[in-house]
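Participant: predicted structure and sequence below. I'll ask about it afterward.
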Amino acid sequence: MKNLGHLILLLVLGTTTYAQQDLIQQHYGKHSQQTLDLYLPKTFNKKTSVIVMLHGGAWMLGGKEYTEKTSKDLRDRGFVVVNVDYRYVNDSVHAPELLDDIENAIGQLQKLAKQYNFSSKGYHIAGISAGAHLALLYGYKNKSGIKSISALCPPTRFDDRNTKEHLEKTQLTKNVELLADSKFSDHAVVQDKKFTDVSPYSHIKNIPTLLVHGDSDKLVPYSNSSFLYGLLQMKKIDSKLLTMKGKDHDAGMNDPDSEKLVLDEITNWVNSHN
């Protein structure tokens with residue numbers, strides 16, 4: 001009788017209870033990289049927060065295997081999580097095409113929402129490194145109804161001299177040129193506005209933004225997050241910068257203790273803005 005009462009309560013609340021499910025390699029386009037993995041918790045309903053996760057890899061490497069563990073860890077905390085792969089930049093694929101991939105992945109996610117009875121709108125977006133950049137750019141540039149952004153070690157600015165010099169040192173100049181569909185000139189000052197257009201700071205929108213960055217990051221300097229955070233605060237946008245002291249480009253995700261801290265922060269951020 002107790003179990004029957006519990007079942008009736010679940011039906012009234014519209015809650016779905018499954019065995020925990022992993023729906024792998026769901027296609028949202030014809031390209032081999034236009035796929036997503038959907039991770040469903042044991043219990044969820046249309047009020048359950050949905051997180052769109054974007055992997056890193058300098059826009060030219062890796063795939064959703066980079067963020068598989070983080071996606072599953074967040075799913076185990078009760079979120080619906082979709083881990084999205086996207087095309088690499090090349091001579092014909094640039095930032096707009098990557099944003100289209102995210103848009104189309106969310107479209108496929110909305111179809112799956114109707115099938116599995118979770119929310120079909122009002123998503124949260126998160127990413128690491130290049131994925132964090134895309135999460136910010138997509139959230140700020142698109143009329144997407146994104147409720148919050150969680151960005152780990154994100155590149156946020158490509159149109160200043162210091163960034164240009166750092167990209168040369170890290171051999172990432174070509175990657176960003178393909179992203180912007182432009183070429184850096186020999187001038188000390190970056191003059192092409194295409195590099196500004198792919199810089200999240202230039203599109204800030206009133207979306208709650210959590211930034212997580214190691215202050216010893218050698219690949220994407222900590223100043224990227226502190227610069228964006230300063231602008232967000234100046235515009236009075238709900239924002240937080242979690243400084244991972246002594247951490248490099250992994251933002252502490254490779255250490256169990258600091259990984260838990262970051263996951264706790266993302267969990268709290270999403271829950272407080274759902």
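Facilitator: Yep, it's here.

Participant: contacts, neighbours, all on C-alpha from now
Facilitator: Will do.

Participant: show me where the stretch 101-250 of the chain has its helices.
Facilitator: Ranges of helices within the stretch 101-250 of the chain are 130-141, 161-169, 173-180, 193-197, 223-234, based on DSSP state H, counting those that start in this stretch.

Participant: packed most tightly, which of those helices would that be?
Facilitator: helix 130-141 (a mean of 26; mean count of other C-alpha atoms under 10 Å).

Participant: mind saving the C-alpha coords of that one as CSV?
Facilitator: Presented in CSV, the C-alpha positions along helix 130-141 are these (Å, rounded to 0.1, in the frame of the first residue of the first chain):
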residue,chain,number,x,y,z
ALA,A,130,37.1,26.1,-25.7
GLY,A,131,33.7,24.6,-24.7
ALA,A,132,33.5,27.3,-22.0
HIS,A,133,34.2,30.0,-24.6
LEU,A,134,31.4,28.6,-26.8
ALA,A,135,29.0,28.4,-23.8
LEU,A,136,29.6,32.1,-23.1
LEU,A,137,29.4,33.1,-26.8
TYR,A,138,26.2,31.0,-27.4
GLY,A,139,24.6,32.2,-24.1
TYR,A,140,25.3,35.9,-24.8
LYS,A,141,24.7,36.0,-28.6
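
Participant: and it, what's its mean pLDDT?
Facilitator: Average pLDDT, helix 130-141: 98.

Participant: and that helix, what does it pack onto?
Facilitator: Based on contacts counted as 3 or more C-alpha pairs under 8 Å, 6 or more residues apart in numbering; DSSP states H and E, the elements that helix 130-141 packs against are strand 50-54, helix 95-116, strand 124-128, strand 148-152.

Participant: quick one, which of the ones you listed is packed in tightest?
Facilitator: With neighbours defined as mean count of other C-alpha under 10 Å, these peak in mean count at strand 148-152, which reaches a mean of 29.

Participant: and that strand, which strands flank it?
Facilitator: Its sheet considered, strand 148-152 pairs with strand 124-128 (parallel), strand 209-214 (parallel) by DSSP bridges.

Participant: list the contacts for the residue lying closest to P221 once chain neighbours are set aside?
Facilitator: Spatially, and ignoring its direct neighbours in sequence, P221 is nearest to D215 (7.5 Å; C-alpha to C-alpha, 6 or more residues apart in numbering). D215 makes contact with P221, Y222, T243, M244, K245, G246, K247, D248 under the criterion C-alpha atoms under 8 Å, 6 or more residues apart in numbering.

Participant: which one of these is nearest G62?
Facilitator: For these, the closest approach to G62 (C-alpha to C-alpha) belongs to D248, at 19.1 Å.

Participant: now that closest one. Its backbone dihedrals?
Facilitator: With angles defined as degrees, to the nearest 10, D248 sits at phi -90, psi -150.

Participant: again, but for the one 3 residues further on
Facilitator: In terms of degrees, to the nearest 10, the main-chain angles of A251 are phi 60, psi 30.

Participant: before we move on, what's the pLDDT of it?
Facilitator: Looking at A251, the pLDDT reads 96.

Participant: what's near enough to touch S226?
Facilitator: If you count contacts by C-alpha under 8 Å, 6+ apart, S226 has them with L241.
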